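> Build me a model:
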Amino acid sequence: MRIRDILAAGPSFSFEFFPPKTEEAERQLETALRELEPLGPSFVSVTYGAGGSTRERTHDLVVRINAGTSMTAMAHLTCAAHSRAELVGIVERYRDEGIENILALRGDVPKELGLPPGELAHAVDLVDLIREVGDFSVGVAAHPEKHPDSPDLGSDRRHLAEKLARADFAITQFFFEAHHYFETVETLQTLGVDHPVLPGIMPVTNISQVARMASLAGADFPTWLEDRLRAVEDDPAAMREVGVAAATDLCGELLAGGAPGLHFYTLNRSRATRDIYARLGLPAASSAAG
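The predicted structure is shown next:
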């Protein structure tokens, strides 16, 4: 089922996974999939490694989820370090295997990989390419606190509006305060774009890991949250409780303010997401995937 149709039907609740690299990581992912499937997610997404480093593993996981579970899977795809012909081949392969949803990203190639830049410079170019290949539902990324490479917030919002006008929906980078999300949506509306923007949620259960990810993504790690977490950082259970409680409050504020759903960055684990689901009283039958 196409995500544009899922979103048109009402609030969506979705999960993100990444392709595992080891047997232990594979077991962890399988556990997370098994424990989260009963929640009936509207869809799930699978990330794509820098420079195409997980091309086959991303493809195989998306196809396996779509064919072997009740969940609708969306493939992430980046255009960095790919030729146009390579991208067409990747998208055609998804089309031919019945995948209907792609998240179009520019992506970044680590310098140490030594790969040449791709032929498509921006995610909006990838959106157009995907449209040319097939009738996909296409999503794009949004950065509520601006993309790290953007010179200023205004230009970032104009670029996002251009992308989103040609896509079906956006999913945001994670953030920790709701006003970042609502300000993004309001600005997009003033620019004439009202396609759904799904807020990305990252429950903090490991402060050092998430602080590092926030720094790389250009997301503010607010002092009030860091102080609460630092106060219990020697107690993993207490830290987890603080992180889950903060994420639950954020989710409640977003839904009350009219967000069209929630997209959880699971890091291939299920417990925090399941706990937030339960605390919000979300139905386990929210799936449009059947």
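> So what sits opposite A142 in the bridge?
According to DSSP bridges, the partner residues bridging A142 are T172.
> remind me which residues of this structure are low pLDDT?
110-114, 284-290 (pLDDT under 70).
> can you pull out the strands in it?
12-17, 43-46, 73-78, 101-105, 137-142, 169-174, 197-201, 261-265 (DSSP state E).
> Format those as TSV; extra columns: distance to L87 and mean neighbour count.
Glycine gets a C-beta too; all of them are placed from N, C-alpha and C. TSV is the format used below for the strands of the chain (distance: least, CB to CB, whole Å; neighbours: other CB atoms under 10 Å):
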stretch	distance to L87	mean neighbour count
strand 12-17	21	24
strand 43-46	17	26
strand 73-78	7	24
strand 101-105	10	26
strand 137-142	13	25
strand 169-174	20	23
strand 197-201	24	26
strand 261-265	24	24
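> which helix is the longest one in the chain?
helix 236-256 (DSSP state H).
> Show the secondary-structure elements that that one is packed against.
helix 178-190, strand 197-201, helix 223-230, strand 261-265, helix 271-280 (3 or more CB pairs under 8 Å, 6 or more residues apart in numbering; DSSP states H and E).
> and of the strands of the chain, who's closest to R55?
Closest approach to R55 among the strands of the chain (CB to CB): strand 73-78, 9.1 Å.
> Residues touching the closest one, excluding its own?
Contact with strand 73-78 is made by 3, 43-48, 50-52, 58-59, 61-63, 65-66, 87, 90-91, 94, 99, 101-107, 126, 130, 139, as judged by CB atoms under 8 Å, 6 or more residues apart in numbering.
> partners of that strand in the sheet?
Strand 73-78 is paired, per DSSP bridges, with strand 43-46 (parallel), strand 101-105 (parallel).
> Near R158, how many other residues are there?
The tally of other residues near R158 (other CB atoms under 10 Å) stands at 14.
> ok, it - contacts?
R158 sits next to L191 when contact means CB under 8 Å, 6+ apart.
> Distance check, it against E37.
39 Å (CB to CB, to the nearest Å).
> What of L120?
34 Å.
> cool, I201 as well?
Computed with CB to CB, the distance linking I201 and E37 is 19 Å.
> before we move on, what about P236?
Look at P236 and E37: by CB to CB, they are 26 Å apart.
> Same check on G257?
29 Å.
> Which of the two has more residues huddled nearby?
Using other CB under 10 Å as the criterion, G257 and E37 rank with E37 on top: 19 against 13.
> Nearest residue to A178 in space, please, no chain neighbours.
Nearest non-adjacent residue to A178, counting by CB to CB, 6 or more residues apart in numbering: E253, 4.4 Å away.
> just H82 next, same as before
G118 (4.6 Å).
> which ones are touching H59?
H59 touches 75, 90, 93-94, counting by CB under 8 Å, 6+ apart.
> And it, how close does it get to Y94?
7 Å.
> same question, G243
Applying CB to CB to G243 and Y94 gives a distance of 35 Å.
> Who does V138 form a beta bridge with?
I102.
> Just to check, it is in contact with L164?
No: between V138 and L164 no contact is recorded; they are 10.2 Å apart, counting by CB atoms under 8 Å.
> what is in contact with those two at once?
Counting by CB under 8 Å, 6+ apart, no residue touches both V138 and L164.
> Got a quick PyMOL command for the buried subset of the contacts of H59?
Entered in PyMOL, the line below selects the buried ones among these, by 16 or more other CB atoms under 10 Å:
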select buried, resi 75+90+94
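> Check the contacts of H59 and tell me the two furthest apart.
A75 and R93 (10.0 Å).
> Let's have the strands of the chain in JSON lines, adding distance to D152.
Formatted as JSON lines, those follow (distance: least, CB to CB, whole Å):
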{"stretch": "strand 12-17", "distance to D152": "28"}
{"stretch": "strand 43-46", "distance to D152": "29"}
{"stretch": "strand 73-78", "distance to D152": "24"}
{"stretch": "strand 101-105", "distance to D152": "21"}
{"stretch": "strand 137-142", "distance to D152": "16"}
{"stretch": "strand 169-174", "distance to D152": "17"}
{"stretch": "strand 197-201", "distance to D152": "20"}
{"stretch": "strand 261-265", "distance to D152": "26"}
